[in-house]
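Engineer: Sequence below, structure please.
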Amino acid sequence: MDRISVVQYIDIVSVTTSSIVQAGDTNILTPVSRALAVQRQESTYDEDEHRFDMYPIFSMPFPPLRYETIPVKTVQESPAIHVNSINIIGVAASSVVRIGKTDFVSSEARVKHIRHFTVNPYE
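Structural biologist: The predicted structure is shown next:
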C-alpha cells in the first residue's frame, strides 16, 4: 500500500552532487557521484591533467553484497506519513533524504583526493 507523505516544514541548506530529496513513494533510487578533489598550494591546472579513467578507484567493482532475507510484518495504521519539521544542513555525495517508501536503494560515491604542495603543510 502506498501512502501520502505530508511534510509541514522542511529546511535544507544545501543539496549537492547527485543527492535526492523526495517526499512520496518510489520504487528505485540509484544516485551515483564521482569526484576528483584536487588541492594545490599553487593553483595552476592543465585542462586534461586529471581524468576519471586515470584512477582505478572509479572503475573498480564493488565487492559482492550479501543479501539476507529478514521477515517483516508491517501494519500501517494511517494512510499518510505525517512529518512536522525537518532541518538539515547538507545532503551530499549520493545521499538520500526520503519521506516515504522506497523498495530498493543503491547509492555510490567515489572520491579521489589529490594534494600537491611545494612544502609539506604538516611540518
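Engineer: drop to CA atoms for contacts and neighbour counts, all remaining ones
Structural biologist: Noted.
Engineer: Tell me where the model's unsure across this protein.
Structural biologist: 1 (pLDDT under 70).
Engineer: can you pull out the strands in it?
Structural biologist: Using DSSP state E, the strands of the chain run over 4-15, 20-23, 26-29, 32-40, 80-91, 96-99, 102-105, 108-116.
Engineer: and those as CSV, adding mean neighbour count and distance to Y122?
Structural biologist: Formatted as CSV, the strands of the chain follow (neighbours: other C-alpha atoms under 10 Å; distance: least, C-alpha to C-alpha, whole Å):
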stretch, mean neighbour count, distance to Y122
strand 4-15, 13, 31
strand 20-23, 15, 37
strand 26-29, 13, 41
strand 32-40, 14, 14
strand 80-91, 12, 29
strand 96-99, 16, 35
strand 102-105, 11, 40
strand 108-116, 13, 12
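Engineer: any chance of these in CSV, plus distance to E49?
Structural biologist: What follows is those, written out as CSV (distance: least, C-alpha to C-alpha, whole Å):
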stretch, distance to E49
strand 4-15, 28
strand 20-23, 30
strand 26-29, 33
strand 32-40, 11
strand 80-91, 29
strand 96-99, 32
strand 102-105, 34
strand 108-116, 12
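Engineer: Select, out of those, the one closest to P71.
Structural biologist: Relative to P71, the nearest member of the strands of the chain by C-alpha to C-alpha is strand 102-105, separated by 14.9 Å.
Engineer: that older thread, nearest approach to E68 belongs to which of the strands of the chain?
Structural biologist: strand 102-105 (14.0 Å).
Engineer: what packs against the closest one?
Structural biologist: Under the contact criterion of 3 or more C-alpha pairs under 8 Å, 6 or more residues apart in numbering; DSSP states H and E, strand 102-105 touches strand 26-29.
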